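Enquirer: Next comes the sequence, and after it the predicted model I'd like to discuss.
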Amino acid sequence: MSAGVAIEARNVTVDHHTTAGVVRALDNLDLDVEAGESLAIMGPSGCGKSTLLGLLAGLAVPDSGTVTIGSDTVTELSERDRVRFRRRNLGMVYQADNLLPHLTVEENVALQLSITGVKPGTGGWSSPTDVLSRLEIDDLATRLPDKLSGGQRQRAAVARAVVHRPAIMLADEPTGSLDTSSAKAVIELFLDVQREMGATLVMVTHDPAMAAHADRSMRLERPNGHTE
Amino acid sequence: MRTRYVVADLIRNPRRTLSAMVGVTLGVGLFCGVLFFVDGLSASMTQRAVAPLPIDMQRITTDRVGGELTLTEEVSRAAADQAGSRREVRLEIRNDAAVTAHEVTVRSAPTSGWNYEAGSARIDDVAAGDGTENPFASGPGKTGYNLGNLEPGASRVARYEVVSDSSPGADPVVESSFSTREAVTPVPANQPPPVAPAQLAEQIAGINGVARVGVLDSADLGAKALSAGGSTAPGPAKIFGFDASYADNDPTIDLVDGKVSSHGAVISSEASQALGIVIGDTVTVQLPDGSDTDFEVSGVADLSRARSLFASRRGGDLENFVYTRHSVVVTPDVFAATVLPAYERAAVDLGGRLKNVPVREVDIWVDRSPLDADPSTANAQTQRIAEDVTAQAAHQDFLLDNISNTLTVAADDASAAKSLFVFLGVPGALLAALLAAYAGSVLAEAQRREQATLRIRGASRRDLLRMLTLRTALLTLAGSIVGLGLGFLAATAALGLDSLQRAGLPRLLTSAALGTAGGLVATGAALYLTGRRSIDREIHEDRARYATRAPLWRRAGLDIVAIVVLVVGTILAVRADAFAGEAGSVYFGRAVHLKLSLLVLPIAVWVAGTLFGARLFGALLARTHRHATVGTSKPLISLYRLGVGRRPWAIGNAVVAVSLIVALAVSLTAFTASYDAAKVEDARYATGSDIRITPGPSAGHEYTVEDASLFRTPGVADVAPVIYGVRNVILKSARTSDPANLAAVDLEAYAAVAPLEDQHFVTSTASEAIEILRADPTAVFLSADMADFLRAGVGDGLQVLLARGTDQQTTIDVTVAGLFERLPGFPDGASALMSIDEHSRQIPSMGPDFYLASATSGNDAGLQAATGSLEAGPVAADSFQIDTRETMLARDQSSLAALNIGGLVDLDAAFALSMAVVAIAIFVFGLLLQRRREYVTLRAQGLEPRTIRVLIGAEAGTAAVGGAVLGVLVGAAMGFYFVTVLQPLFVLSPAYVLPAGAALVPVGIVLVATAVTAVMASALVNRLDPTELLRDE
C-alpha cells in the first residue's frame, strides 16, 4: 500500500484490572520508531511487550498517553476508524499462526486482500500466489493449515500479513514456536520482505538472536508492581 | 488436587458450567415434572371417577312378596358316625305372614355319604311318597315336595331318616330349602328372620367408611295408576318410598314445592300437571291388588334428573336412565304399611304373573375423602367396605357395588394413562438426554485444548477420565437439584398445588427419587460419554478433518435404520390392524387399552425424519463452498460459504437438535389439537348436535313436531324434533321380541343437525339411509345388534308396539330397510330409527322428547350465540333443559377425561421449547467458544465487528431455520402417527388437525432465540481481549 511510516508513543500508561487488583502493564512509556525501521522489543514476561503491540495495532487503547502512526493519532480514533486504519496499514504476525482452519493457505492470504478491499495486482502483490511464491510456499497454496508444518504455517501467516503491503508490520514472537533453523529462515524471509516493502516493523521477541536481525532493539522493564 | 482443579474450572467458567448443567436441569425437570404430573392426575382420577355416581352401593333386599315363611331343619345328633349310622331329619315350615302362601314346596336331600332311608318320610306323621324314593328330592331333577297352600299362622312338619354309607361325610347331613308360587327363588332352611330395611340401614351406617345411608323403596304401578278427581295420569306410574333426609341429600331430586311428609305424598311435576292437582289436593294411587289409596299431596318435585331413582336396577343395563313421568313419593313406613301388603295380595292372586315386584334397598354412600388417590387402592378400600356391608344380615340379599365397579374401570384407565404418559413423555426424555449430549459434545470440543495442556503436563488418560467423572457428577448433582425444583414448579403450574398435595408426600417423594435418578442417569451418561469420546480422540487429530467429519449417526447410517424400522413397523401394524384399537367405554365397563409397542412408530418418524433431513441438509451445505472463492466476493459471503460448506456438520448437528425439539413441540401441538377436536366431536355426537333442548316436566304445554320452528332463533341453523326413550317400544320379529329404544326423527332436519357418518351405517351411506326412510314411511333402520337379536335382516317385516305402556299404544307393521352401528344423540344406544312423521301419524298425541339444534357457526362463539338466543327467547318463556356439546364434554364420565392431556402436553411443550432455546444458545455460544480465535483474528485483520456479527448470525440462522423447517415437517408426520396410534382414546375416528398458527410458535421461539443469542454472542466477541487471544498458542 504505502512505504513505512513513523511510530510515536508518548506517556503511554496501561492498567489491567484483575481480581487481585489493578496491575500496571505500561507506565508512561515513550517510543519512537522511524519509518521503514525494524525494531525488536525485548524484555521479561509481563513487561508489557504484547500490550504495547496491541496499542500500536489499535486493538486496545491506553489509559493515558497517545500513539501516533504516520499522521494518524491512533488513540484518538473511534473503534470504527481504528478498524479501517488496521485494515489498510497493518500486517500482523503472532507466535500462533491464527490461520482460519477451514481455509486453504491461498484463501487465508486472499481473505486479507478481500478484507482490505484491494484487488490483486492493483496495489499489493499481483496475486496471493505471488506472495506465496516469494515466501517459497506456493506449492502449499491449496493445503489447509493443518496439513502444514509449523514453519510452513508461519510463512503462510507472514504471507497473509504482507499481502496487502501494509505500512506497519507488527510481530509478536513470530518464531516462538519454531525450531532454531526454521525460526532463522522465517525471520530472515520476514525481514527481507519488510525491507523490500519499506514497511516499519515492530517485533517482540525473547530471543536475542532474532532481535539481532532487526535494525534496532530496545528493552522494556516491568513497571513497579501494582497501583491502585 | 484433581477435585480442586475441577471445582475451580467449573466456578471460573460459569457460562460453560451453566451450559452443561442446563441440559441436566431440563432433563431432570422434565422427568420429575411428568412424574409429579402423573401423581397429581392420579390423585384426581379416583374423585373424578366416582363423582358422577348417584349411589355408591345398593343393598337390594330380597324381602319376599307373599309372606314371611320360615323353614326350620333339625337333624338328630349321634356320638360318632360310622357305616350304617342313622339320623332323623325334621323339617318345619311356618307361615307367619298375614296372607296365604301358595304351592309351598319343600326340597330336602342328604349330602354325600348319607342316603335316604326308604319309607321313612312322614308329613305331619303321615307317610309320604312312594316308599322307595325320597319324596323331598325326587326324580332326576331332585324335585321337592309340594305341600299345597299354607294359611296364615299355619305350619307343617316333615320327617325322614338318613343312613350313612361306608364312609359317612361331615355335616351338613342334609340340605333343605323351600319355595312358593309367590317367591319362586328357593330359600335355604334355618335362615334367620329377615332384617327390616330400616334396621339394616342402621347397622350399615355404623360401618367404618360409610358416610350415610338411606332407605329407598320403589315399585312400578302400571298404566293409569294415578288419578285425582276425574283425571287420570296417562301411561305407567311409579311409587317411591324415601324420607326427607334422602331427598335432602340428593341434589337431583328437585322439590319444586312443599316437602316430603310422613303422611302425605310428593308427586312429580308431570303428574301434577296431568292431574291438575297441587299441594293439599288428594291423589289416588291404584295398587296392584286393585285397591285404591288416597294421599294428600304434600309436595311437587321435578324428578326428571333423579338418577338415584330412575337408574335401571336390571343387571344388563344398570346405567340406563329409565324415566317414568308420573310418580308419587311416600315415606318408607307408608310404603311398608300400604304398598307392600297390596303387592303381597297381588302376588297371592297373580303368583308368577306378578312381573314387577317392589324393590327395597338400602342405599349407601361411602366417605370418599379417605379414598386413596390411586383408583386401584381406592378400589381395594371400597371392596373392604362392601364386604362389611355384605356381612350385615348375610344371605338375606345382595349388594350392587357401583363404586367398586367404577373404580375397577378407573384403575384400568389409570393404567392406560400411564401408557399415555410413556407415549408423550419418552420423546421428551430422549430429547433431554440428547440436549445434554449436545451440550457435552460442544463443551468437550471447547475443552480439547485444556485437556491437551493437561496431558502435556503429565496427566494420564485415567486422570482425565477421573476428572471427567468428577465434573459430570458435580454438574449432574447440581443440575438435578435445580431440575427437581423446576419439575415441581412446572407440574404445579400445570395442575395446581392442590392436585399435587392430594397425591401425598410418599408418592411425590418416590416420583422425585425416580425422576431425579432417571434424568440424572440419562443426561449424566450423555454428558459423560461425549466427554469420554473427546478425551479418547487423538489430541493432535487433524482439526480441519475433525470439523468436516460426519457425526457418528451419519457414519453409522442411523437415519436409514430408523427409516427401515418405520416402514417395516407401519406395514406390520397396518397388516395386523393394530391401529384400530377398541375405544374405552364407561357404559360397557371397558377401559382404554393402548399398545405401547406402537410407540416405536412416532419415535421412528421423529428420528428417521430428522436424521435423514439433516443428511440432506448437510449434503446441501457441503455444496455451498464448491464455487466459492475468496477475493471475488465480499469477505462475509466467502467466509460464510466456505465456513458452512467445509464444516457442514457443526450446523448439521445443530439442525438435528433444533429439528428434534421443534418436531416434538409441533407433534404435541397437532396431537392436542386433534384430541380436542375429537373430544368436541365426541361430545357433539353424544349430544346429537350442538344443542339439545328438552322440555321440562313442568313445561307449560305439550310441545309438538311443529314447535321446532320456535327454536330457530338467531344463531341456530336448524332444529330436529326427536321422539326417543329407553325401552319405549317393543320390536317383534318372526322369531322373538324385545323392548327397544326407538328414535323417531324429522329425517331431513336430523340429517342437517346431527353428525351422521357413513361409517356408522352398515348397509348404506348416511344420506342413502335418510332417503330410504323418507321414501318409505313404513321403513325402519335397526341397529346391527338388535337385528342380530331379532334375527331380522334387510327386507324382513317387523311389528313395532309404539307408545308402549300408554293409552295410545298401538302396533304397526314395518320393514327393515337397513342397519346401522350407532347414531348420534343416543349415547345409551338407539335400537331403531324411523320417521317422526310416521310416528306422529300413528300416535298424534305424542310430542317430541327433545329437539336437536345446530349452531350457525361451529366454533365456541357460535355455540354461545345460539345458546344465548335460545335462552333469551323461547327457553325463557317456559321450562326447558338446555344441554350443549360443551356441557356434555364437562360431564364426560370417563376417568380418562381426568387425564388432562392438554396439561401434560403443555408441560412437555414448555420443556421442549426451553430446550429449543437452550439448544440454540449452546450452538451459538459453542460456536463462539470454538471459533473465538477465528473471530478475533478477523478483527485483527480489519474485519468490522458488524460483519462478524452478521457472520455469527448467518451461521446460527442457517441452523435455526434449517432445524425449524425440518422440525415442522417431521413434527407434522410425527403428530399424525401419534394421533393414529392413540386412536383408542377417541370414541369417533379422530381427524388429524395441525393448527398452522400454533405449529409456528416453536419456530418463532427458535428464531427469536437465535437472533437474541447471536446478538449476545457478537457482543461477547467484541469484549474478548484480542491481544491475549492472538498471542496464545
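Expert: Thanks, I have it.

Enquirer: As a check, name the ranges of all strands in chain A.
Expert: Taking DSSP state E as the test, the strands found in chain A are A:7-18, A:21-33, A:38-42, A:64-69, A:72-73, A:90-94, A:168-172, A:200-204, A:216-219, A:226-227.

Enquirer: do the same with the stretch 151-300 of chain B
Expert: Assigned strands in the stretch 151-300 of chain B, in chain order: B:155-164, B:174-179, B:187-188, B:210-223, B:226-228, B:231-232, B:236-241, B:254-258, B:265-268, B:282-286, B:292-302 (criterion: DSSP state E, counting those that start in this stretch).

Enquirer: To residue B:453, which of those strands lies closest?
Expert: For the strands of the stretch 151-300 of chain B, distance to residue B:453 was read as Cβ to Cβ. The smallest value, 73.4 Å, belongs to strand B:210-223. For the C-beta atoms, the positions are set from N, CA and C on the backbone; glycine is no exception.

Enquirer: Starting from the closest one, tell me which strands it pairs with and how they run.
Expert: Using DSSP bridges, the strands paired with strand B:210-223 are strand B:236-241 (antiparallel), strand B:359-366 (antiparallel).

Enquirer: and that strand with strand B:282-286, angle?
Expert: Using axes from the mean of the first three to the mean of the last three Cα atoms, to 10 degrees, the interaxial angle of strand B:210-223 with respect to strand B:282-286 works out to 80 degrees.

Enquirer: returning to that earlier point: ranking the strands paired with strand B:210-223 by burial, who's on top?
Expert: strand B:236-241 (a mean of 26; mean count of other Cβ atoms under 10 Å in any protein chain shown).

Enquirer: Need the residues that contact that one.
Expert: Strand B:236-241 is touched from outside by B:215-226, B:271, B:285, B:309, B:324, B:326-332, B:334-336, B:339, B:805-806, with contacts defined as Cβ atoms under 8 Å, 6 or more residues apart in numbering or on different chains.

Enquirer: That strand: how far from the chain's middle?
Expert: Chain-centre distance of strand B:236-241: 34 Å, with Cα atoms, centre = their mean, to the nearest Å.

Enquirer: mean confidence for that strand?
Expert: Per-residue pLDDT values across strand B:236-241 average out to 90.

Enquirer: then that strand to CSV, C-alphas only?
Expert: What follows is the C-alpha trace of strand B:236-241 in CSV, where atoms were taken according to Å, rounded to 0.1, in the frame of the first residue of the first chain:
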residue,chain,number,x,y,z
PRO,B,236,-97.2,-46.0,33.6
ALA,B,237,-96.7,-44.7,37.0
LYS,B,238,-94.2,-45.4,39.7
ILE,B,239,-94.3,-45.1,43.5
PHE,B,240,-91.3,-44.5,45.7
GLY,B,241,-90.7,-44.7,49.4
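
Enquirer: and the angle for it with strand B:292-302?
Expert: On the basis of the same axes, to 10 degrees, strand B:236-241 is oriented at 90 degrees to strand B:292-302.

Enquirer: hmm, back to that, so can I have CSV of the strands of chain A showing distance to chain B and mean pLDDT?
Expert: Formatted as CSV, the entries for these read as follows, by distance: least, Cβ to the nearest Cβ, whole Å; pLDDT from 0 to 100:
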stretch, distance to chain B, mean pLDDT
strand A:7-18, 9, 89
strand A:21-33, 10, 88
strand A:38-42, 13, 92
strand A:64-69, 14, 93
strand A:72-73, 14, 90
strand A:90-94, 5, 89
strand A:168-172, 5, 91
strand A:200-204, 9, 92
strand A:216-219, 19, 91
strand A:226-227, 19, 36
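
Enquirer: would you list those in CSV and tack on mean neighbour count?
Expert: Below are the strands of chain A laid out as CSV (neighbours: other Cβ atoms under 10 Å in any protein chain shown):
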stretch, mean neighbour count
strand A:7-18, 17
strand A:21-33, 17
strand A:38-42, 22
strand A:64-69, 19
strand A:72-73, 15
strand A:90-94, 27
strand A:168-172, 26
strand A:200-204, 26
strand A:216-219, 14
strand A:226-227, 12
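
Enquirer: quick one on the thing from earlier: looking at the strands of the stretch 151-300 of chain B, which one is packed in the most?
Expert: Taking mean count of other Cβ under 10 Å, strand B:265-268 is the most buried of these, at a mean of 30.

Enquirer: Average pLDDT for it, rounded please.
Expert: Model confidence over strand B:265-268, given as mean pLDDT, is 93.

Enquirer: For that strand, which strands pair with it and how are they oriented?
Expert: Strands adjacent to strand B:265-268 in the sheet, as given by DSSP bridges, are strand B:292-302 (parallel), strand B:326-330 (antiparallel).

Enquirer: what number of residues lie near residue B:278?
Expert: Taking other Cβ atoms under 10 Å in any protein chain shown as the criterion, the count of residues near residue B:278 is 12.

Enquirer: Next one: it from residue B:254, what distance?
Expert: From residue B:278 over to residue B:254 the distance is 17 Å, taken as Cβ to Cβ, to the nearest Å.

Enquirer: Need the phi and psi values for whatever residue of the stretch 901-1033 of chain B ends up closest to chain A.
Expert: When distances are taken as Cβ to the nearest Cβ, the stretch 901-1033 of chain B approaches chain A most closely through residue B:942, which lies 2.6 Å from it. Comment: the main-chain dihedrals of residue B:942 come out as phi 110, psi 10, following degrees, to the nearest 10.

Enquirer: residues touching the closest residue to it other than its chain neighbours, list them.
Expert: Excluding the flanking residues, the one nearest residue B:942 by Cβ to Cβ, 6 or more residues apart in numbering or on different chains is residue A:87, at 2.6 Å. Taking Cβ under 8 Å, 6+ apart as the definition of contact, the neighbours of residue A:87 are A:115, A:116, A:117, B:941, B:942, B:943.

Enquirer: what's the pLDDT at the closest residue to chain A within the stretch 201-350 of chain B?
Expert: Residue nearest to chain A within the stretch 201-350 of chain B: residue B:209 (67.6 Å; Cβ to the nearest Cβ). According to the prediction, residue B:209 has pLDDT 92.

Enquirer: that older thread, looking at the strands of the stretch 151-300 of chain B, which is nearest to residue B:59?
Expert: Nearest to residue B:59, of all the strands of the stretch 151-300 of chain B, is strand B:210-223, at 8.5 Å by Cβ to Cβ.

Enquirer: The longest helix along chain B: how far from the chain's middle?
Expert: Longest helix of chain B, by residue count under DSSP state H: helix B:402-446. Shown here is helix B:402-446, whose average C-alpha point lies 19 Å from the average C-alpha point of the whole chain (Cα atoms, centre = their mean).
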